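Novice: 3D, please:
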Amino acid sequence: MIKPGRKSHAQLQLATVTVLPVGPDAPPARLSASAAHIWTHIVSSQPPGWLTLPTQGMLEAYCAAVEQRERIAAQLPECSLKSSKQLQRYERLIALQCKQTMLCSSLATKLRLTPQSRYTPQRAATAQKNAPEFPPPWVAKS
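Specialist: Have a look, this model is predicted:
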């Protein structure tokens with residue numbers, strides 16, 4: 001509590017401590033290079049102090065899940081769909097991708113990375129109502 005008036009000699013002798021924000025936490029060593037890149041991107045885009053000890057494990061799981069989903073998505077174009085074996089492989093990959101996407105979505109919401117987790121329905125409706133109107137991307141500009 002700040003007292004009005006002049007400071008006493010004893011108060012002037014006290015040291016002032018300035019707390020500097022800590023830089024982003026380094027990714028765990030067990031993450032792969034691409035998962036570590038995802039980790040660094042997320043942590044650097046959040047305010048200082050966002051990453052706490054309880055959420056580190058969840059963020060690690062999220063980064064690994066996103067990396068795995070990207071690996072699965074990269075294999076999809078390789079399926080030719082001309083043989084039944086390729087079609088079965090394609091269906092398995094699609095099912096895996098769907099599961100990974102749901103996992104990523106759930107973890108992102110729990111970590112409060114998605115807009116849905118940061119907005120109340122009323123605030124989202126107000127933001128949508130006040131958003132500038134843009135033409136659809138498929139309409140050519142004249």
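
Novice: gap between residue 61 and residue 137?
Specialist: Distance from residue 61 to residue 137, counting by C-beta to C-beta, to the nearest Å: 34 Å. (Each C-beta comes from the backbone N, C-alpha and C, glycine too.)

Novice: Let me fix that, I meant to ask about residue 28.
Specialist: 39 Å.

Novice: Looking at the two, which is more packed in?
Specialist: Using other C-beta atoms under 10 Å, the more surrounded residue of residue 28 and residue 137 is residue 28, with 14 against 6.

Novice: if I read this right, residue 42 contacts residue 58, doesn't it?
Specialist: No. Residue 42 lies out of contact with residue 58 (C-beta atoms under 8 Å); the separation is 11.3 Å.

Novice: Compare those two and say which is more crowded by neighbours.
Specialist: Regarding residue 42 and residue 58, a neighbour count based on other C-beta under 10 Å identifies residue 42 as having more, with 20 against 13.

Novice: Point out where this protein drops to low pLDDT.
Specialist: Within the chain, the ranges that satisfy pLDDT under 70 run 1, 15-24, 117, 141-142.

Novice: Which residue ranges of it form strands?
Specialist: With DSSP state E as the criterion, the chain has no strands.

Novice: Going by neighbour count, which residues of stretch 62-76 are buried?
Specialist: Of all the residues in stretch 62-76, those buried under the rule 16 or more other C-beta atoms under 10 Å are 62-69, 72.

Novice: Show me the residues you listed that map onto helices.
Specialist: Residues of these located in helices (DSSP state H): 62-69, 72.

Novice: Nearest the middle, which residue of this structure would you pick?
Specialist: In the chain, the centroid-proximal residue (C-alpha atoms, centre = their mean) is residue 113; its distance is 4.4 Å.
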